[in-house]
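1. Turn this into a structure:
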Amino acid sequence: MFATFMARVVPECSAIAALAVLVPFSLTAQSSPTTKSLAIQANSNRTPGGKIERGVLTLHLELREGDWYPEADAGPSMRVDAFGEEGQPLHVPGPLIRVPQGTEIHVTLRNLLSAAAVVHGMHQHPGEGSDPVQVPTGEVRELRFSAGLPGTYQYWASAGEDLKGRHPYREDSQLSGAFIVDPPGTVEADRVFVIGLWRSQINEVLSQDVSVINGKSWPYTERLTYAAGEPVRWRWINASDSVHPLHLHGSYYRVDSEGDGEHDLIFEAAQRRMVVTHVLLPGTTMSTLWIPVAGRWIFHCHLIAHFQPEMTVANALVAQPERVHEHSSNHMAGLVLGITVMGKRPTLASRGRTRKLRLLVRERPARDGLPQGFGYQLEESHKLGSQEVTAPGPPVILERGRPVEITIVNQLQEPTAVHWHGIELESYYDGVVGWGTDGRKITPAIEPGGSFRVRFTPPRAGTFIYHTHLNDEVQLGSGLYGPLIVLEPGAQFDTENDHIFIFSRGGADDMKAPRLLNGSAHDPPTLYWHKGQSNRLRLIDITPNNPALFSLMGPAGLMRWRAVAKDGADLPRTRR
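-> Here you go, the predicted structure:
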């Protein structure tokens, strides 16, 4: 549930579809004379650990068990393993290692856990990750190495718990930290964010997850404030065992580098992509640049399991068949950042009269082997586009630069909201209940029988999505999503050569709900295209938790396509 992707198919072209030194001695592991609190502190990654003198960073780390508070500092806690500096509290994520290129690093690792630890990433970067440090329980290891090349890296450990692939996911899942090497000289200010995830079991669908950014889960994550137009630089590290499609509301951000925790590829200017959603695989990193626009926005993982309100510590600690959620103004938990951008929005150029639409949110009867659910109907000039309530909802076809007014009418028996995924608009209309604002009012839920009027002017042509942003697991699985296409002025949607494909699930239960293509669980029809004629594919993935993989088959097997845009933004020519 995270992306739109556009490709152009051209059939005549077979188109579719360093060195670390381990000092070999053993020390007797003892706690520091300073009495340590068992409470683990959240690490904002603003202050590096250790001490640098004469070009050498000295850092004494311990691996210990403590009480982790992913939500309120006085709320429920979990017992997990964590890193900390000697004589100081434990931290999640672990102490930040941040040094300029050319720094020599001296690290000691003291294992006070009841199980042997395997520590990765404590070496010169780039590295291969094939030389982890084994630290038996009750022992110390000492390392000396050069920092290496500039980039965004990480260190992490496992300590006797189960692994998913190479990654821990239980009580040792928070044994990770950021490792940043800066270029020499003045470094532009940035922020470092580490994604952590504790899960109850390896099965992602049935698991109860607690997901965090820099050690905290929404609504307890750090609130960020910026000025409109101020360059904002972030480094993101996925220290978890899961994929995370990271989505920014209201505007685009630029991906300047990507890495795997051991290596970091810093892109040339011509290779940098503008996105509203970027996928971080387990163990990977990215650095980004964002020029914020005024409003209140969220940046979050787009997998429902990582932001639904039931994913709390309370549910993780109690063995029960049903997750409990006390319905309140907080309709999210987990991997969410709240951002306030001060200033005024620029006035967008517009043309033509305001187009007025009504989007009706209604119950949908069971049919074609799918259970009853919800869906949308589109009305314009008092005429319904279709007599049926459909899932996906009908395509909303708009024109770049022409203002539109869409009145959402809720005819369900529960509140709802609509998010215009990828559209640059005022945050009040963005669909995040209780957070978005126009400076005076806060975005409300659309109550049963109520309505909400959205106004915006699309500033760019492309492929986007509209979908619910309230009670997402149920409402999205019941059909509240649809394609939003913005065309260039004067263009008409070409139904013969312009194809929309929406991948989704037919229900809230990922274990039982069938995969759907354009709302159908049946095999897709065969398409017949003319040789030498280009076809445009608009691929939209709105699956709740298991992103889809796309391929296109021809008579001779797999065919080749050319990606031209993602999230409504053209891809750099060097990456098409």
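2. okay, which residue is most central for the protein?
-> For the chain, the residue nearest the mean C-alpha position is residue 246 (2.2 Å; Cα atoms, centre = their mean).
3. ok, and what's touching the helix or strand containing it?
-> Applying DSSP states H and E as the criterion places residue 246 in strand 244-248. When contacts are defined by Cβ atoms under 8 Å, 6 or more residues apart in numbering, strand 244-248 is touched by residues 1-3, 195, 236, 238, 276-280, 290, 297, 299-303, 306, 335, 421, 547. Placement of C-beta: from N, CA and C, glycine included.
4. what are the pairing partners of it, and which direction each?
-> strand 277-280 (antiparallel), strand 295-301 (antiparallel) (DSSP bridges).
5. Dump the ones you listed to TSV, plus mean pLDDT and mean neighbour count.
-> Formatted as TSV, the strands paired with strand 244-248 follow (pLDDT from 0 to 100; neighbours: other Cβ atoms under 10 Å):
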stretch	mean pLDDT	mean neighbour count
strand 277-280	95	20
strand 295-301	96	24
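6. can I get the ones you listed in a markdown table with distance to residue 152?
-> A markdown table is the format used below for the strands paired with strand 244-248 (distance: least, Cβ to Cβ, whole Å):
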| stretch | distance to residue 152 |
| --- | --- |
| strand 277-280 | 11 |
| strand 295-301 | 17 |
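7. nearest to residue 386, of those strands?
-> In terms of Cβ to Cβ, the element of those nearest to residue 386 is strand 277-280, at 28.8 Å.
8. Would you mind extracting the C-alpha trace of the closest one into PDB?
-> Presented in PDB, the C-alpha positions along strand 277-280 are these (Å, rounded to 0.1, in the frame of the first residue of the first chain):
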ATOM      1  CA  THR A 277       7.000   7.400  -1.200                       C
ATOM      2  CA  HIS A 278      10.300   5.500  -1.100                       C
ATOM      3  CA  VAL A 279      10.800   1.900   0.000                       C
ATOM      4  CA  LEU A 280      13.400   1.000   2.500                       C
END
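9. which residue ranges form the strands in the stretch 351-500 of the chain?
-> Counting by DSSP state E, counting those that start in this stretch, the stretch 351-500 of the chain has strands at residues 355-364, 373-380, 383-384, 396-399, 404-410, 418-421, 451-456, 462-468, 481-487, 498-505.
10. tell me what the second one is packed against?
-> Under the contact criterion of 3 or more Cβ pairs under 8 Å, 6 or more residues apart in numbering; DSSP states H and E, the helices and strands touching strand 373-380 comprise strand 355-364.
11. Paired strands for the helix or strand hosting residue 134, with orientation please.
-> Applying DSSP H and E as the criterion places residue 134 in strand 133-135. According to DSSP bridges, strand 133-135 has the following sheet partners: strand 117-120 (antiparallel).
12. per-residue confidence averaged over the partner strand?
-> For strand 117-120, the mean per-residue pLDDT is 96.
13. quick one, phi psi at the closest residue to residue 546 other than its chain neighbours?
-> The shortest distance from residue 546 to any non-neighbouring residue, by Cβ to Cβ, 6 or more residues apart in numbering, is to residue 510 (6.3 Å). Here is the backbone geometry of residue 510 (degrees, to the nearest 10): phi -60, psi -20.
14. any idea of the mean pLDDT for the strand holding residue 134?
-> Mean predicted confidence for strand 133-135 is 96.
15. Sort out which residues of it are buried, please.
-> With burial defined by 16 or more other Cβ atoms under 10 Å, the residues of strand 133-135 counted as buried are 133, 135.
16. picking that back up, do you know how far the residue nearest to the centre of the chain is from residue 71?
-> Applying Cβ to Cβ, to the nearest Å, the value for residue 246 to residue 71 is 21 Å.
17. Over to residue 158?
-> Residue 158 is 25 Å from residue 71, where distance means Cβ to Cβ.
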